[in-house]
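[1] what's the 3D shape of this:
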Amino acid sequence: MENLRRIGVGVGLGVLTLAIAAPSASAHGTFGQATLTGWAALPARTFVSASDPSGSLLGGTPSNGVTPPFDDQPIQGFSGIVRNGDGTFEVLSDNGYGNKANSADFVLRIHRVAPDYGKKTVDVVGGINLTDPNSFVPFPLTRADRVLTGSDFDVESIQRATDGSYWIGDEFGPYLLHFDRAGRLLQAPIPLPDVRAPENPLGNPNLNSSKGFEGLAQSPDGRKLYALLEGVVAGDPAGALRFNEFDTVRQQYTGKRYVYQLEDPGYAIGDAIAVDEDRFLVIERDNGQGATAVFKRIYLADKRDRNRDGKMDKTLVADLMNLADPRHLGGASNVFTFPFQTIEDVVILDDRTLGVVNDNNFPFSNGRTPGQPDNNEFITIRLTDSLHADKRFLH
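    A predicted model of the protein is given here:
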């Protein structure tokens with residue numbers, strides 16, 4: 001989630017499936033128009049039952065018709081997704097309300113959700129809180145019980161290892177965080193060498209706030225992670241984002257990094273996942289919503305850099321503002337748009353189908369309907385060609 005913005009409200013859920021074309025060496029080649037094949041939504045006003053109160057630091061100011069504080073924890077802000085293989089997904093809520101100062105009573109959590117595209121609904125079927133019971137975090141936490149909150153970390157990306165543990169990318173360090181399958185931190189947060197956000201307790205930041213690890217990809221064998229910064233490190237070229245390689249066996253960065261070049265320095269990335277050893281799907285977006293949303297796209301990025309320009313090769317696979325909708329799954333129009341400010345989840349469903357989910361920034365975003373909080377929408381889209389993904393990602 002971006003820093004708290006003066007914008008509308010929304011929570012909801014929708015999944016998108018899309019098909020992806022074969023790899024291309026072209027920096028700006030394109031696939032054909034992707035097609036919407038499924039739509040479901042989780043209502044904005046969905047909360048964890050019998051949980052702790054939340055939103056007390058928002059000042060009681062209404063936003064998009066929603067007035068904080070809340071009696072329970074909102075189920076919102078989905079910033080990462082993992083496929084379970086049984087039709088359900090693990091989705092990661094980010095830091096809560098946009099920044100460290102206003103999110104101390106938002107509990108960091110992984111939710112298990114089950115979209116039903118026939119009914120166009122999403123059920124929340126479980127979840128775990130993220131905790132640090134063994135005191136691996138070296139700085140003071142918000143809660144004495146060591147349940148992690150949005151004032152401790154801004155979790156924005158997630159991968160599940162073969163042993164069932166979770167690797168999560170944070171923006172406040174930026175750190176890599178390793179949790180067991182019950183959400184308990186397994187080791188001290190792992191910092192990115194020579195890069196610090198303003199929230200990092202060591203000071204001397206060279207990265208803007210809310211610009212840490214927005215994307216986290218895992219190699220097919222699970223031995224490498226690739227952590228993509230959302231923002232540019234001070235001194236790097238405009239729009240050039242560092243994609244950092246981490247060895248999960250040696251538990252250290254390898255020193256290898258790649259450059260993902262934004263189409264415009266004012267854009268941002270929303271997620272990054274692996275397709276095979278060399279290629280990744282990356283969501284790239286502008287900062288608009290609703291009528292001002294123009295650029296919301298998914299690229300296939302290749303770290304082999306075949307044109308030798310020092311940047312990952314990019315191929316456009318889906319324009320989320322221009323999806324064919326011949327069955328009118330998302331409305332009366334033949335064209336479906338995904339006009340949300342933040343779109344932070346992409347997952348491979350099969351070799352030509354992707355799932356995509358927005359981050360609704362509850363209660364602040366209103367990209368779908370002005371004055372109403374966005375739902376978290378789950379959409380599925382089909383691409384015009386196959387991804388030719390590593391088969392280990394297709395199970």
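
[2] neighbours of Asp221, how many?
    11 (other Cβ atoms under 10 Å). Just so you know, the C-beta spots here come from the backbone N, C-alpha and C atoms, and that holds for glycine as well.

[3] how about the secondary structure of the closest residue in space to it that isn't next to it in sequence?
    Computed as Cβ to Cβ, 6 or more residues apart in numbering, the closest residue to Asp221 that is not its neighbour in sequence is Arg392, at 7.6 Å. Per DSSP: H, G, I helix; E, B strand; the rest coil, the secondary structure class of Arg392 is helix.

[4] hmm, Pro220 and Arg392 touching each other?
    Yes. In this structure, Arg392 is within contact of Pro220 by Cβ atoms under 8 Å, at 4.4 Å.

[5] tell me the contacts of Gly60?
    67-69 (Cβ atoms under 8 Å, 6 or more residues apart in numbering).

[6] pLDDT score for it?
    We have a pLDDT of 96 for Gly60.

[7] and what of His395?
    Reading off the model, His395 has pLDDT 78.

[8] using the three-state scheme, assign Pro138.
    coil.

[9] about what we covered before: drop anything exposed from the contacts of Gly60.
    Pro68 (16 or more other Cβ atoms under 10 Å).

[10] what segments of the stretch 101-250 of the chain are strands?
    109-116, 121-129, 155-160, 166-170, 175-179, 190-191, 213-218, 224-229, 240-247 (DSSP state E, counting those that start in this stretch).

[11] next, format those strands as CSV and append distance to Leu383 and mean neighbour count.
    Output for these, formatted as CSV (distance: least, Cβ to Cβ, whole Å; neighbours: other Cβ atoms under 10 Å):
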stretch, distance to Leu383, mean neighbour count
strand 109-116, 19, 20
strand 121-129, 23, 17
strand 155-160, 22, 26
strand 166-170, 26, 26
strand 175-179, 30, 24
strand 190-191, 34, 18
strand 213-218, 18, 27
strand 224-229, 21, 24
strand 240-247, 22, 20
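
[12] may I see these organised as CSV, with mean pLDDT added?
    Below are the strands of the stretch 101-250 of the chain laid out as CSV (pLDDT from 0 to 100):
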stretch, mean pLDDT
strand 109-116, 98
strand 121-129, 98
strand 155-160, 98
strand 166-170, 98
strand 175-179, 98
strand 190-191, 98
strand 213-218, 98
strand 224-229, 98
strand 240-247, 98
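
[13] how close does Gly235 get to Asp247?
    26 Å (Cβ to Cβ, to the nearest Å).
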